[in-house]
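In: sharing a sequence plus its predicted fold:
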Amino acid sequence: MVQFLFFYFAIAVIGLGITIVNSRNPVHGVLLMLVLFFHMAGLYLLLNAEFLAAVQVIVYAGAILVLYLFVLFLVTLREEVRISPFIEKGYWMGFVIAIAMFITFIKGIQNFTLGEHGAYTIEKIGQLTHTKAMGEAIYTTYILPFEVAGLILLVAVVGGIALAKRERKGA
């Protein structure tokens, strides 16, 4: 039963992701993304990561999708519809980047090992609980990347406010 649910959630996430990218209506894309986030939360629950499932629903399905809708309604879509969807010059650069990303992905899969290499073994996580082990790892071992991610988010928020507040020409 667990394998059936895992394959259902995995296929649904892949299918929804493709559907979102191909969606012509941005509001429909956001609503499909909501369904995708709930399926991802189901995957986290199957992997016994209850905290990540809760964060997925609260943060992503709640806050992030509201932000997407807010930005969607701020953007004027009339101007973007007139622009050609295909780039006539430099398409080869996109192809080269896609190949490089694919090679990086394949190399990453080849080097991936699932074993007892980290400081947190399965037994230690079982004693601490998932949430406490994740908190200890984030705030000790990975504190610098955590702070850098926070700084990047702060810069993004300030940039978003600056873009929203700028004077519009002709308005």
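Out: Perfect, I can see it now. Numbers count the residues shown, from 1 in each chain.
In: all helices of the protein, in order?
Out: 2-22, 26-46, 50-55, 65-74, 77-82, 91-111, 122-128, 130-136, 143-165 (DSSP state H).
In: measure the residue nearest the centre of the chain to residue 148 for me?
Out: Nearest to the mean C-alpha position of the chain, by CA atoms, centre = their mean, lies residue 60 at 8.5 Å. Separation of residue 60 from residue 148 (CB to CB, to the nearest Å) stands at 20 Å. In this view, the C-beta of every residue, glycine as well, is placed from N, C-alpha and C.
In: and for the closest residue to residue 139 other than its chain neighbours, the neighbour number?
Out: Take residue 139 and drop its neighbours on the chain: the residue closest to it by CB to CB, 6 or more residues apart in numbering is residue 146, 7.3 Å away. Per other CB atoms under 10 Å, the neighbour tally for residue 146 reads 13.
In: just to revisit the earlier point, now the helices of the chain in CSV, with mean pLDDT?
Out: As requested, the helices of the chain are exported to CSV (pLDDT from 0 to 100):
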stretch, mean pLDDT
helix 2-22, 93
helix 26-46, 91
helix 50-55, 87
helix 65-74, 81
helix 77-82, 55
helix 91-111, 85
helix 122-128, 77
helix 130-136, 81
helix 143-165, 85
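In: deepest-packed of those, please.
Out: By mean neighbour count, with neighbours taken as mean count of other CB atoms under 10 Å, helix 26-46 ranks first of the helices of the chain at a mean of 18.
In: okay, angle between that helix and helix 2-22 too, please.
Out: 160 degrees (axes from the mean of the first three to the mean of the last three CA atoms, to 10 degrees).
In: now do helix 26-46: distance to the chain's middle.
Out: From the chain centre to the centre of helix 26-46 is a distance of 11 Å (CA atoms, centre = their mean, to the nearest Å).
In: between the two ends of stretch 52-68, how far is it?
Out: 21 Å (CA to CA, to the nearest Å).
In: domains of the chain?
Out: 1-82, 120-171 (automatic domain parsing).
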